[in-house]
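**Q** after the sequence you'll find the predicted model.
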Amino acid sequence: AGGGEKKDEKVSAKGKLIAERLARQREEEERRRLEEEAEARRIAELEAAEEAERKRKEEEKERKKQKKREKIERQKAEGTYMTKAQKQKAALAAQRLEAMKAAGMLSEEAGQAVEKKRPVYGNKRRGKGKKEEEKPKEEQEEEEEEEEE
């Protein structure tokens, strides 16, 4: 019976080794699983942060576009909207005007005080003989002054 006990002890020693290996193997697998889960969470958080950042940028871009559209609509309503080509044309005109002023072709006051004469609509060939004779001299002088302006 004594020999049987030693054999049981050897088997139990082998069993302990196997059990120990299995335990270490399970612990290793558990550690790997936890690491993989942690890595997966970290990747998911990074992706979520990137998605949030992309969405924020997209919303910011859309806000800027909307603001620009509103500005254009407001300018159109005010009558001050100019396309890129119109702005370039106006800038060139202003540049030419400055060049002309610098060259002495225009006085500084000329650009500011220029008033267009309003056209006087009327018949230039009306009969001057009878109608002008009937009018007093004061009215004739007023008409002449208006025509001069």
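**A** Received the coordinates, thanks.

**Q** which one's the longest helix in this structure?
**A** helix 2-78 (DSSP state H).

**Q** same for the next helix or strand after that helix, what does it pack against?
**A** Next along the chain after helix 2-78, taking DSSP states H and E as the criterion, comes helix 84-103. Contacts defined by 3 or more C-beta pairs under 8 Å, 6 or more residues apart in numbering; DSSP states H and E place helix 84-103 against no helix or strand at all. Any C-beta I mention is one placed from the backbone N, CA and C, and that applies to glycine too.

**Q** distance from the chain centre to helix 84-103, please.
**A** 27 Å (C-alpha atoms, centre = their mean, to the nearest Å).

**Q** which other helices and strands contact the longest helix of the chain?
**A** Partner elements for helix 2-78 (3+ C-beta pairs under 8 Å, 6+ apart): none found.

**Q** and that helix, average pLDDT?
**A** Helix 2-78 comes out with an average pLDDT of 89.

**Q** got it, and stretch 82-91?
**A** For stretch 82-91, the per-residue pLDDT averages 93.

**Q** got the CA positions of that stretch in CSV?
**A** Written as CSV, here are the backbone C-alpha positions of stretch 82-91 (Å, rounded to 0.1, in the frame of the first residue of the first chain):
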residue,chain,number,x,y,z
MET,A,82,-20.4,93.4,-56.0
THR,A,83,-19.0,90.3,-57.7
LYS,A,84,-15.3,89.6,-57.8
ALA,A,85,-15.1,91.0,-61.3
GLN,A,86,-17.0,94.2,-60.3
LYS,A,87,-14.7,94.7,-57.3
GLN,A,88,-11.6,94.3,-59.6
LYS,A,89,-13.1,96.8,-62.1
ALA,A,90,-13.9,99.3,-59.3
ALA,A,91,-10.3,98.9,-57.9
